[in-house]
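Trainee: need a 3D model of the following:
(2 chains)
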Protein chains: 2
Amino acid sequence: MIRTLALVLTLALAAPLFAASSEPVPVVMDQVIDAALADSSAYALLEELCDVAGPRLSGSANYELAVEWALERMTDAGLANVRREPVTVPHWVRGDESAWLLEPHPSRLTMIGLGGSVGTPPGGIEADVLVVSDFDELEARADEAAGRFVLFDAPWDGYGRTVRYRTQGAIAAARHGAVGSLIRSVTPARDCTPHTGVMSYDEGDTIPRIPAAALAVEDAARLHRQFDRGLPVRVRLEMEAKWHDDVLSSNVVGELPGRESPEEIVVVSGHFDSWDAGCGAHDDGAGCVIAMEATALLHRMGLQPRRTIRVVLFADEEMTQTGGKAYAADHADELANHVAAIESDSGAFPPRGFTVSGDSLSIAKLAELAAPLESMGASSVSAGWGGVDISFLAKAGVPLIGHRTDNEGYFDYHHGPSDTIDKVDPADLQRNVAVVAALLWALAESESPLR
Amino acid sequence: MIRTLALVLTLALAAPLFAASSEPVPVVMDQVIDAALADSSAYALLEELCDVAGPRLSGSANYELAVEWALERMTDAGLANVRREPVTVPHWVRGDESAWLLEPHPSRLTMIGLGGSVGTPPGGIEADVLVVSDFDELEARADEAAGRFVLFDAPWDGYGRTVRYRTQGAIAAARHGAVGSLIRSVTPARDCTPHTGVMSYDEGDTIPRIPAAALAVEDAARLHRQFDRGLPVRVRLEMEAKWHDDVLSSNVVGELPGRESPEEIVVVSGHFDSWDAGCGAHDDGAGCVIAMEATALLHRMGLQPRRTIRVVLFADEEMTQTGGKAYAADHADELANHVAAIESDSGAFPPRGFTVSGDSLSIAKLAELAAPLESMGASSVSAGWGGVDISFLAKAGVPLIGHRTDNEGYFDYHHGPSDTIDKVDPADLQRNVAVVAALLWALAESESPLR
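Mentor: Down below sits the predicted model:
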């Protein structure tokens, strides 16, 4: 019995090694999926990243801890050409911060400063609050904004529409003389957590730069009700947030070199920075681990594709995208040989498929390549966004592929404190590894690439 | 058409006025339930309490705002003998507070100080962390505790068992020389919110009083994993928490005087203080509003029961129960005439029934009285706990009735920032008003009372 079991195990473990690259691509893709689903490495890697480096704000010490970790883990996994690629990144430091409701009753507010915001003077800013539901209401009540905080209590209406208050709120509020901009956190969740993310100032710098922070949805709603009741609503906001000089940081790169055409490259990527609430487990530790582990899995299976697979973990997606820009600039002379770039940045939810920005031929070809992923429910291919970091490869004509998941719950965690490892389902994470690894094989091995 | 509608409305609105108290108790109970379910006053009251007074920590200015509000609303509702009853309460002030993970990577921890904790010296306490899962593990590793924080990362195992780490953790940790006690928040939720609650020190005062705080479940888990990995785990805890002199506060009382035996009293109550995360919407703003509104509803219906119904909103349940003690002491000479006391403190979830501490005759009698609540799914009566505040009436032989709800989700919010008005379902709240109002009628009107 024990001998039989041992034999079965030996065969099972050895099987992937027989997956010679001479077999038809869809056959190998199935083998890759089976091997990935029998594995559980990805969750352990992601947990380790969260524990060792924690949140990985652009320019932070934590980000550098993460870089060290990734170099080590990619090397352990047997990837080649593991390296840093230098990127000069912005360095915004949050520091300590707090917001207190002073009237109509004292209580601490659940808040987080928005990324890139200026700080307040020491001791904070104390002011009454004008609460509005949207930009239109602010315009209608513009004469009430001067000397006040403006709170945009904009109801969740999907990320794309609601995020405007985070990115544009401080400009709109300051235009009318507000001393600070507050938003309702950009999330559909109701768990009294604050969600951060990047904000922006007037580029011409003619409109004053005022501090900007997000309140928990519940606190924004409370202030809104108090305001509507005609109660005095007075807040003190204190933020140490500060811009420091840019720092030298890096993208992290590792490769599975191509067997026949190593100069032809398939990029698989995620962004390695995160916000500093939570650990950036879904956003985008997961994407980075999926890219690393999908490539490492092919290598462990003894599969060396025709073309080179290049893992790129991008710096500074969340703030100014210097990682993506640096990669496009530094690799300009080989972009014509980039046959595709995948970015995984939609969390470790069940895989669904891919969106692709490219001509219709590329889309049709990708749909054909992804067809064997139907068994994983992940063969959906449609025209769409590839990813923030790889978007800088668009003008070189690189087909850009966004790895997509069923991430309805994503924005419950997104940029908030509960984006932690326990929110990641190990099996779902591994399913994403399976799907991306199989597609990588298809892209790097098929005789006719996407372009 | 309009005239017909007007007639129907007139009849519908007038109907409760025909509910003469001479009708059989179960018939009137049904009328009370119908009237309560056709009403929606309770949610508006609770929302107003949350907006006007906010969180209502014992001894705080907010608690006094709440007292003013309750006096006004009970008077508006036509209750009689609306008054403050003086209670000297403890006055613990949280102040500012924070916890930072320093190693293995810097990041802010989501924390809240435990109620009654001493503060840290200015600048905080910086120390390594010993992480244990339970008291046994602390005892086994007691020689590692000196000079460190002890973090009790005790998994949720029901409130009664898990809360021991909150109430006893600081004593256990300090016994072995720890400089601070940290716990995993006492909640089954995974939303990265911190949950507070009262803690205690050695009464003999031979064991040092060390600061005590709760971390979000996710942060406690992270520190535990880091500790198990052998990484350095170092934390800075800073708490301004401070005990001030006791202050004069009050229970709030209002009555619906009895028709025949006004000296016989049915108490209906909740606790009016709350923790200062969230607004104490479920805990126990809801219980107070249920008590107020159930009584006000009977009055609006023109129902004057045989006995007096007395609404009592107790001060200081969360800290030292001086409100309940003061009531028992100040009303000692009329407790023999208290035919029952109800406390509602299980949130505004769907009503289920009642637990009662009293002799078996009282229990059987209550079951009989509560039988008409079957249509509301709320006729369950079993032996059990009445409530913290009314427990001080036990030795006078008052039958103590705990109003119970299907509150499986209660501890997601309990003592945490998301115990806010939006977590209360208006219809569920009104169902609780219906059930309590109907039972009040039964208790205050039935010829043979519980005792």
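
Trainee: can you name the element that comes right after the helix or strand of chain A with the lowest mean pLDDT?
Mentor: Least confident element among the helices and strands of chain A, by mean pLDDT, DSSP states H and E: helix A:2-14 (a mean of 39). Per DSSP states H and E, the first helix or strand lying C-terminal to helix A:2-14 is helix A:25-37.

Trainee: what are the contacting residues of that next one?
Mentor: A:15-16, A:19, A:21, A:23, A:294, A:297-298, A:300-301, A:303, A:369, A:371-373, A:375-376, A:430-431, A:433-435, A:437-439, A:441-442, A:445-446 (CB atoms under 8 Å, 6 or more residues apart in numbering or on different chains). All C-beta spots, glycine's among them, are computed from the backbone N, C-alpha and C.

Trainee: which residues are contacting the next helix or strand after that helix?
Mentor: Using DSSP H and E, the helix or strand that directly follows helix A:25-37 along the chain is helix A:41-52. By CB under 8 Å, 6+ apart, the residues outside helix A:41-52 that reach it are A:65-66, A:69-70, A:73, A:279-281, A:285-286, A:288-290, A:292-293, A:296-297, A:348, A:420-421, A:424, A:426, A:429-430, A:432-433, B:104-105, B:222, B:225-226, B:229, B:231.

Trainee: list the buried residues in helix A:41-52.
Mentor: Neighbour counts over helix A:41-52 (16 or more other CB atoms under 10 Å in any protein chain shown) mark A:41-43, A:45-52 as buried.

Trainee: of the contacts of helix A:41-52, buried ones?
Mentor: Going by neighbour count (16+ other CB under 10 Å), the contacts of helix A:41-52 have A:65-66, A:69-70, A:73, A:279-281, A:285-286, A:288-290, A:292-293, A:296-297, A:348, A:420-421, A:424, A:429-430, A:432-433, B:104-105, B:222, B:225-226 buried.

Trainee: among the residues you listed, which are located in helices?
Mentor: Those of the buried ones among the contacts of helix A:41-52 mapping onto helices are A:65-66, A:69-70, A:73, A:288-290, A:292-293, A:296-297, A:429-430, A:432-433, B:222, B:225-226, per DSSP state H.

Trainee: follow-up on the earlier one: now, of the contacts of helix A:25-37, which are buried?
Mentor: A:16, A:19, A:21, A:294, A:297-298, A:300-301, A:303, A:369, A:372-373, A:376, A:430-431, A:433-435, A:437-439, A:441-442, A:445-446.

Trainee: the spatially closest residue to A:E343 that is not a sequence neighbour: what secondary structure?
Mentor: In space, and not counting its chain neighbours, A:E343 is closest to A:G387: 2.7 Å by CB to CB, 6 or more residues apart in numbering or on different chains. The three-state label for A:G387, taken from DSSP: H, G, I helix; E, B strand; the rest coil, comes out as coil.

Trainee: you'd agree A:G54 is up against A:C279?
Mentor: Yes: in terms of CB atoms under 8 Å, A:G54 counts as a neighbour of A:C279; the distance is 5.7 Å.

Trainee: got any residues that touch both of those two?
Mentor: The contact lists of A:G54 and A:C279 share B:R222, where a contact means CB under 8 Å, 6+ apart.

Trainee: what does the stretch 1-150 of chain A have sitting close to chain B?
Mentor: A:47-48, A:50-55, A:60-62, A:65, A:96, A:98, A:101, A:104-108, A:110 (CB under 8 Å from any CB of the partner chain).

Trainee: let's go with 6 Å and repeat that
Mentor: Residues of the stretch 1-150 of chain A found near chain B (CB under 6 Å from any CB of the partner chain) are A:51, A:53-55, A:62, A:65, A:105, A:107, A:110.

Trainee: okay if I get those residues as a markdown table plus pLDDT?
Mentor: Listed next are these as a markdown table, based on pLDDT from 0 to 100:
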| residue | pLDDT |
| --- | --- |
| A:D51 | 98 |
| A:A53 | 98 |
| A:G54 | 97 |
| A:P55 | 98 |
| A:N62 | 98 |
| A:L65 | 98 |
| A:H105 | 96 |
| A:S107 | 95 |
| A:T110 | 98 |
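
Trainee: nearest to B:E144, of those residues?
Mentor: Nearest to B:E144 among the residues of the stretch 1-150 of chain A next to chain B is A:D51, at 20.3 Å by CB to CB.

Trainee: distance of that closest one relative to A:A370?
Mentor: 34 Å (CB to CB, to the nearest Å).

Trainee: repeat that for A:G180.
Mentor: Applying CB to CB to A:G180 and A:A370 gives a distance of 48 Å.
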